[in-house]
Each structure stands twice: as C-alpha cells, then as structure tokens.
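Participant: turn this into a model:
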Amino acid sequence: MQPDIRTMKNPVLLRRFAPYYKKYIPTLLLDLLCAAATTLADVALPLIVRSITQMAIDDAAALTVVYVLRVGLFYIALRVVDAAADYYMTAQGHIMGSYIERDMRFDLFNHLQKLSFSYYSDAKVGQIMARITSDLFEITEFAHHFPEEMFIAAIKIVAAFVILFGINPMLTLIVFAALPLMYIIARIFRDRMRRTFQQRRHQLGEINAQVEDSLLGIRVVKSFANEPLEIEKFKMSNDKFIDIKRRSYRLLAGFSMSRRIVDGLMYIVVVIAGALFLRDGAITAGDYVAYLLFVSTLLASIRRIVEFTEQFQNGMTSIERFCTLMDEIPDIEDLPGARELRDVKGEVSFDHVSFHYSDNDRDVLADINLKVPAGERVALVGPSGSGKTTLCNLIPRFYNLSGGRILIDGQDITTLTQRSLRSNIGVVQQDVYLFSGTVFDNIVYGLPGATGEKVEEAAKLAGAHEFISALPDGYNTYVGERGVKLSGGQKQRISIARVFLKNPPILILDEATSALDNENERIVQKSLEKLSRGRTTFTIAHRLTTIKNASTICVLTEKGIEEQGSHRELLQKDGVYAGLYRMYTED
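Facilitator: A predicted model of the protein is given here:
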C-alpha cells in the first residue's frame, strides 16, 4: 500500500524554510557575492573572443601581442577571482548548510519532546529517526546550493539576454523562445518526481522501522528461530525501496533527455538563424561567435539546474517531511499563565473524572470520584482493561481528561506547568527502561546533577548498592542497550533508586514486581515499601498479597470504582475483591 502523499506547494515550503537563514545572513550574502563573482569569467569569455575575432577580421594589425597578453592577464585575473570565490562557496557554504541542518534537527527534537503519549502510540520510531537523521542530511546541500544555483543561473541568463539583445534583438528573442519550453517540461516532470521522492523517503523510514523492530526483538526472533522470516520481510521492504528508486531515476532520465533535446534545438537555431543573419549582414562574425559561446554558457547554466533537480527535490521533500512533523500539535500544552506546583503535601482528588482515547468514543473511565489524603497508600485492583494504569497516567497528565478534574493539594492539574507537576510525581513501572550508558547515568537521571554520594545513598535505599558494587566497574558499569546486561530484578532496583533520588511526594507503582521471580519480588517489594513511606502512593498490582497493607483498596471495573476499603473490610464485604482474592490465593 502506497503512503498517503499530500504535497505542499514549493513557495509555502520555502517560506517555512527561509527563517533558518536569518542567523546566517552575512554568510549567505557573501556566499551569493562569491556566486556572482564566479560568473564573471563565464560572461566575459564570449565578449573577449568576440572582440578578438572582430579585430582579427577588421584590422589584423591591431591585434598586437601586448593587446592579447593584456586580455589574457585580465582573463587569468577573473579565473583567480573565480577560484577564490568557489573556495569560499564550497567551504563556508557547506558549513552554513550544516549549521542550518543542526538548527532544524534541534527544533525537531525539541518538538518531539513536547508531543504526548497519544502521538507515540501510533508513530513508528524508525520513521521519526529517518526524518531527524537522513532527511535532514539533504538540508546541508540544499541550504547553500539552492540560493547559489538559482542566483548564478539568473545572473547568466539575464546577462546573456541583455548583451545579446544589444547585439541583435531578433536573434536573441528566437534563441530565448526555447526557455518557456524548458519551463513547461520541468513543470510536467516536477510533480511526478516530487511524489516519487516522497515515496522513496517514506519507504526508507519503513526500512529503518523494520530494522529497529527486528534488532530490538532479536531475542524473540532467535528464540523462535525466525531469522529467515525476518530476512524475507527485510528483502521485500528493501526491494520495494529499489523499485521506487528505479522509478525516480527513470523520471530524472526523462527530464534529462528532454533537456538535451531542447539543448540541441537551441544550438541548431543559433547555428542556422545566426548564419542567415550573418549572410544578410545583420550581425558580424564576432557577434556570431559570441552568440555561440553565450548559448553554450546559457545551456551550461540550464544543465547545472537540471543536475541540481535531484538535489532540489530531495531537499524539498526533506523540508516537507520536516514541516509535516513540526505541524503535529501536542495534545497537552501548558495553559497561558500556568503555575508552578510547589510545597506539595500530596493530597490527590478525582472529581467526576472521565476519559476515553481520541480514536475511540467508549469511556475507559467514567465519573470517577476519589479523594486520597496526603501520605496515604492506595491500591488499585480489578480485571485487565478496567482502567487502572490509565487512571494513574492521568495524574501526571500524560493524557487530557475527557471530563471532570484531578486536583493536587486543591489545585487543578490543568492549571499547573507540566514540568513542575511531573517533577513531583515518581513512577516505577513493570517494563523498566534503562538508557544506554552506565549504572550511575541511569540513577542520576532521576535528579540530573546529583553528587555521587547522593546516587550511592539512593542505591542503598533501593537495595541496589550491594549488587552494583559487585559489578566489574561498579557504578561506572555499562548496562547495555535497554539494560540488557542486567537481570530483571537488578534493572527494577536501579529504577527504584532513580525515584529515591528524585524524592517525589507522589508515587505511582505500576505492577512494579509482576515480571519478577519470587526471590527478586521479595527484594524489590522491600525497596518499594521503603520508598512508599511518607508518600502518597498509588499501587497497581495483580499479586493481591502485596497490597494487603494499603490504606485503601479501590476495585476498578467497567462500572468505575465498584468497591473501596481496606483489605479486611473488603473481605468481610464478600464482593468483587473477595472473589478476586480467593481466586488468586487458590491459584
């Protein structure tokens, strides 16, 4: 299935891209000045040859050695200027392009950090990686070549037209009549090439996504001996990419062929029409030679533009994919005048809270009312899909509510800055994510800039210091991609140490021990008990024996909070919770 391609107009994309030149205007202006300087020799050569040719025909004696040497030295000087200008364009032009690429990549990454969970639920990380890396590689070339090539072509075309029109207006108009034909051909090929280049970029993103998916799941692949399946999937995706690339090159070849035909027409027009004008005395032999050389210069400029076409389309496609991602509006943004959350006690209130996901109108949570005093430990239990994790994800405002309010210490969380809200909430999840780096790096992530003593203290509180000290390089041990070198229990204790270091007043434990064996569960459970002291704690658990000491247990079902009370009270009530507990203990 082909991607849904919607192209933006080139002028729109260029207006979106232009502000990135603002910081580098002096460099850009000097670059364009150098571009103009590189045209001097090309424009001067036909005039020099015309002068020498006409002089040789009119008065050969006037063509002295001194005159020829002066003309030669003048042309050499122009070539020196051309070489120096080209050096600046090649060096500083590329450097400017690299800076613009850097600025765009920074803006894109910054924007990606603002997008909410709902965006990443549907997006492919491989596609995002393609946009932030390979797409923006094209920007370096496009950023300086586009203004240079357009400026050089404009100067040469205008200069050639003015000079030739001064020699013979009629012949000039005949020669330049071919340019509209070239423009029409370019328009015909442009849209088709643009769509193909977009498809090429999209498919490259799909390849990245597939490679990422396969390599991150390499243990599953090998455990099922499904390497041939993965290789076949990759082959299909890779072949599709080549098919799209083949189409794009055929379009480029068609464009190049059309350009060569127009080139030939322009040459033959100059040769035949020029010869007729020469016969009738409308132009001189020197003019005729100048026409041929100017047309050659003109065609060389058009040829450069044609050769730049692939780079141009790559650049415009990259800018469009950049703009498309930058146009993604974050679902969750701070309201104007949002306040900082300070001096948090930890009281959390749910006031008629309802929630449904944007792609589904069915309420996951409906009319939830719950007040949790500061420092109290609340456990959430219930069947799978009842909304336990969703309810906890609403507290740090990972999603916006569909209805109702959540208040922390009496303050509506929508009136608070996201940063200050989340800085006061710690989350320990079942699926622990450790970043590629050292043990120290992963713990200090909870409080960037914390000292080694504080990191070690947090590790001791989490029961992690002993095993960390036994690692080959202690706290400087590299944990591997996603902590692959550590056991599940070790990773979980590092994540708990991270939260200890953060020291938040509100804590969310999302089935933090469910993936562990009995021994590791016992160790981690001790760490969590220690972590929960004095904090408002929400615990999601399917192992019901781990939440017997919770101040309040809330039983969530599709009807909402169906039961609420202590472990003893709910057993005595002999309702949903009692049934779940008996089922669990029997198992």
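
Participant: select the longest helix from this protein.
Facilitator: helix 227-279 (DSSP state H).

Participant: which neighbouring elements make contact with that one?
Facilitator: helix 169-176, helix 178-216, helix 285-326 (3 or more C-beta pairs under 8 Å, 6 or more residues apart in numbering; DSSP states H and E). Just so you know, the C-beta spots here come from the backbone N, C-alpha and C atoms, and that holds for glycine as well.

Participant: again, only this time at 10 Å
Facilitator: helix 169-176, helix 178-216, helix 218-223, helix 285-326 (3 or more C-beta pairs under 10 Å, 6 or more residues apart in numbering; DSSP states H and E).

Participant: show me what contacts the residue minimising distance to the centre of the chain?
Facilitator: Nearest to the mean C-alpha position of the chain, by C-alpha atoms, centre = their mean, lies Ile132 at 3.2 Å. By C-beta atoms under 10 Å, 6 or more residues apart in numbering, the contact set of Ile132 is Met104, Arg105, Phe106, Leu108, Phe109, Leu112, Phe322, Leu325.

Participant: ranking those by neighbours, who comes first?
Facilitator: Phe322 (23 neighbours; other C-beta atoms under 10 Å).

Participant: that residue: what's it in contact with?
Facilitator: 13, 16-17, 104-105, 107-108, 111, 131-132, 135-136, 139.

Participant: separation between it and Phe137?
Facilitator: 12 Å (C-beta to C-beta, to the nearest Å).

Participant: of the helices and strands packed on helix 227-279, which stretch is the most buried?
Facilitator: Of all these, helix 285-326 carries the top mean neighbour count, a mean of 20, counting by mean count of other C-beta atoms under 10 Å.

Participant: now do it: distance to the chain's middle.
Facilitator: 29 Å (C-alpha atoms, centre = their mean, to the nearest Å).

Participant: avg pLDDT for it?
Facilitator: Taken as a whole, helix 285-326 carries a mean pLDDT of 81.

Participant: for stretch 193-210, same thing?
Facilitator: Rounded mean pLDDT across stretch 193-210 is 80.

Participant: and the residue lying farthest from the centre of the chain, how far from Leu13?
Facilitator: Within the chain, the residue lying farthest from the chain centre (C-alpha atoms, centre = their mean) is Ala61, at 68.6 Å. Computed as C-beta to C-beta, the Ala61 to Leu13 distance reads 60 Å.

Participant: so what sits against both of Phe322 and Phe137?
Facilitator: Contacts common to Phe322 and Phe137, judged by C-beta under 10 Å, 6+ apart, are Arg105.

Participant: just the strands in this protein please.
Facilitator: 348-355, 365-372, 377-381, 403-408, 411-412, 425-429, 506-510, 536-540, 552-557, 560-565 (DSSP state E).

Participant: could you list the buried residues of the first one?
Facilitator: If I follow you right, that is strand 348-355. Val348, Ser349, Phe350, Asp351, Val353, Phe355 (16 or more other C-beta atoms under 10 Å).

Participant: now, which of the residues you listed sits nearest Asn238?
Facilitator: Phe355 (41.6 Å; C-beta to C-beta).

Participant: how near is the closest one to Gly387?
Facilitator: In terms of C-beta to C-beta, Phe355 sits 8 Å off from Gly387.

Participant: list residues touching both of the two?
Facilitator: Shared contacts of Phe355 and Gly387, counting by C-beta under 10 Å, 6+ apart, come down to Asp363, Val364, Leu365, Ala366, Ile368, Asn393, Leu394.

Participant: could I get the residues you listed as a markdown table with distance to His144 and neighbour count?
Facilitator: Output for those, formatted as a markdown table (distance: C-beta to C-beta, whole Å; neighbours: other C-beta atoms under 10 Å):
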| residue | distance to His144 | neighbour count |
| --- | --- | --- |
| Asp363 | 54 | 16 |
| Val364 | 51 | 19 |
| Leu365 | 53 | 24 |
| Ala366 | 57 | 18 |
| Ile368 | 57 | 22 |
| Asn393 | 46 | 17 |
| Leu394 | 48 | 23 |
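
Participant: how about these in JSON lines, adding pLDDT and distance to Arg187?
Facilitator: Formatted as JSON lines, those follow (pLDDT from 0 to 100; distance: C-beta to C-beta, whole Å):
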{"residue": "Asp363", "pLDDT": "83", "distance to Arg187": "52"}
{"residue": "Val364", "pLDDT": "86", "distance to Arg187": "51"}
{"residue": "Leu365", "pLDDT": "89", "distance to Arg187": "54"}
{"residue": "Ala366", "pLDDT": "88", "distance to Arg187": "56"}
{"residue": "Ile368", "pLDDT": "90", "distance to Arg187": "59"}
{"residue": "Asn393", "pLDDT": "90", "distance to Arg187": "50"}
{"residue": "Leu394", "pLDDT": "92", "distance to Arg187": "52"}
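
Participant: from those residues, which is closest to Gly449?
Facilitator: For those, the nearest to Gly449 is Asn393 (27.6 Å; C-beta to C-beta).

Participant: skipping its backbone neighbours, what lies nearest that closest one in space?
Facilitator: Tyr399 (6.0 Å; C-beta to C-beta, 6 or more residues apart in numbering).

Participant: can you give me the neighbour number for the one you found?
Facilitator: 19.
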